[in-house]
Structures are given as C-alpha cells and as structure tokens.
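K.L.:
sequence and predicted structure are below.
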Amino acid sequence: MDWLAEVTKMPLFDTHTHLNAQQFAGQEADYIARALAADVGYLAVVGFDDPTIERSLALSAAYDNIISVVGWHPTEAHTYNDQVERRLEEQLELPKVKMLGEIGLDYYWDTAPRDVQAQVFRRQIAIAKSHGLPITIHNREATEDTYRILKQEGLPAAGGIMHSFGGTAEEAMRFVDLGMHISFSGVLTFKKSEAVRQAAALVPAERLLVETDAPYLAPVPKRGKQNEPAYVRYVAECLAQVRDMSLEELAKLTTGNACRLFRWRPEGWDQ
C-alpha cells in the first residue's frame, strides 16, 4: 500500500473494539463522534457470535471509517457447528470484513472443553487461510497452547494479531517470530503492567498496533469506567512514551501498520 508512505499525518486506529456490545446499543453514533473528536479515525469492530457479528456488519455497512472482524470466540466454541461455519464463510466474503476473529483459547472462563476450543481454533485458522485473511487471537491463561497451535498450524499468509497483549517481552517476541503483530490495549497503562511495557519497548515497529477492547479494559486515567474507542488515545500516548516517540509519530506508525494488515484504504482518504 504505497499510498501510506505519502501520508504525513494519520488519525489513530482502534484495531479491536466491541462497539457492537449491548453497552453501546442505540448510542453508537455518539461514541463514534467522541472517537473522531479524540482523533481516533478508524475502528475495527469485532464480532464473536451471531448477534455481535450481525451488529458489526451493520456498523461497517453504515460507516465509512469502520471495518468488521468476524469469528467464533473460544468461550463460544461449544456452539460452533457446520451451520455456524457456513455462515462465517459467507460473511468473510463481504467487502468490509477484513479479518477473522477473535479466535483462540480461554482457560480462565473455561466455558467450553479445552479440546473443543483447540479444534475450533484450528478450524478457523484453516478458514482464514482459504479466504486469504489475517486472524486476531484471544489468549487468556493459555499462552503455551496458543503458541503451540499457531506454530503447528502456521499463520495465514496475511498474518495476524495477538490482541490485547498482556504477556512478557519474551512471549511477545516468540509470537513476533511466528509472524504476528502485537496489539496493546489499556493493560499497557496499568500500574502493575511493567512487563507489558517492557514488551512494548521491544516489539519491532512494523508489528505494533493499538486497541481498546472496549467496553472492557479502560486505560488509566479512565480505569474502572466503561471503555470506549476514544480512549485508545490514552493507550497510544502511553505507547509513544514507552517508545520515545511523539503521539503523531506513533499514530502514523500504528495506523499505517493496521491499514497494511487489513489491506484497507479508508474511503475518502485525503493525502
């Protein structure tokens, strides 16, 4: 995407948000306006079951600055079936669906048997490959198994994201070596997240992304409140400080990375 090299200033890109969650229902336009006022220009809205996928698709159809990410969350793996898969395959062909996810493993909630989670995870990696799409990974208390499955299966040629990364520098670099991007959320700003900040300092510049995971994980100074896309600015400010960059430099870097990964040039982009 050579056009990116010509752009001197870019708004921030929230690469993982759940503006489709019930907490935002009926107020989406207000939250989008708040994001734009904070110079957060682009949103990837992630669906992870039938209702949230449908709302993500509706939002990306209604707004030029929103794209959709669709997949089946590991906490829902026990409900995955042939009908779900056929529907996903159809949705992945829609023009504003740019990634498959969030997929992976969740050993914290353990709502689905772990072998079922692994099976559904592997299946969706294969589907992403067949559609030429990147993947975004949910990993909660399952780092070793997540890494093992990604290494065994291999990433789609389009790559992928470790979403809301909360691990160590060593873990981050292991996923980078597989070909993954590393996305930092409000966790980066938490007082006890020094290990995450150390990871953020070492990840190669071309693999860095920012996100909110809204309505969850609100960053400092909004911790404890409902998160929203506008708050990705606080994540970006923290990451810029960690990397010894200006916010403008960080925005151009991470938004450029996101546009390349999603293979998306926003409509009406003004160079």
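P.N.:
Nice, I can see it.
K.L.:
and Pro266, how many neighbours does it have?
P.N.:
By the criterion of other CB atoms under 10 Å, Pro266 has 18 neighbours. To be clear about C-beta, it is placed using only N, CA and C from the backbone, and glycine gets the same treatment.
K.L.:
now Glu228
P.N.:
Glu228 has 25 nearby residues by other CB under 10 Å.
K.L.:
and it, what does it touch?
P.N.:
Phe24, Tyr31, Arg34, Ala35, Thr212, Ala214, Pro215 (CB atoms under 8 Å, 6 or more residues apart in numbering).
K.L.:
just the buried residues from those residues, in PyMOL please.
P.N.:
Selecting the buried subset of these in PyMOL, with 16 or more other CB atoms under 10 Å as the burial test, is done by:
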select buried, resi 24+31+35+212+214+215
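K.L.:
mind putting the contacts of Glu228 into CSV with distance to Thr146, secondary structure and pLDDT?
P.N.:
As requested, the contacts of Glu228 are exported to CSV (distance: CB to CB, whole Å; DSSP: H, G, I helix; E, B strand; the rest coil; pLDDT from 0 to 100):
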residue, distance to Thr146, secondary structure, pLDDT
Phe24, 28, helix, 98
Tyr31, 30, helix, 98
Arg34, 33, helix, 98
Ala35, 30, helix, 98
Thr212, 21, coil, 98
Ala214, 23, coil, 98
Pro215, 24, coil, 98
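K.L.:
wouldn't Pro219 be in contact with Ser193 here?
P.N.:
No - between Pro219 and Ser193 there is no contact under CB atoms under 8 Å: 10.3 Å.
K.L.:
measure the closest residue to Ala21 other than its chain neighbours to Leu188 for me?
P.N.:
In space, and not counting its chain neighbours, Ala21 is closest to Pro215: 5.4 Å by CB to CB, 6 or more residues apart in numbering. Distance of Pro215 to Leu188, computed by CB to CB, to the nearest Å: 18 Å.
K.L.:
Tyr80 too?
P.N.:
Distance of Tyr80 to Leu188, computed by CB to CB: 31 Å.
K.L.:
do Ile103 as well
P.N.:
22 Å.
K.L.:
just Val46 next, same as before
P.N.:
Val46 is 19 Å from Leu188, where distance means CB to CB.
K.L.:
of these two, which one has the most company?
P.N.:
Between Val46 and Leu188, counted using other CB under 10 Å, the more crowded position is Val46 (28 against 25).
K.L.:
list the contacts of that one.
P.N.:
His16, Thr17, His18, Asn20, Thr52, Ser56, Val69, Val70, Gly71, Gly101, Glu102, Thr136.
K.L.:
which non-adjacent residue is nearest the fifth one?
P.N.:
Yep, that's Thr52 we're talking about. Counting by CB to CB, 6+ apart, the nearest residue to Thr52 once its immediate chain neighbours are dropped is Asn20, at 4.9 Å.
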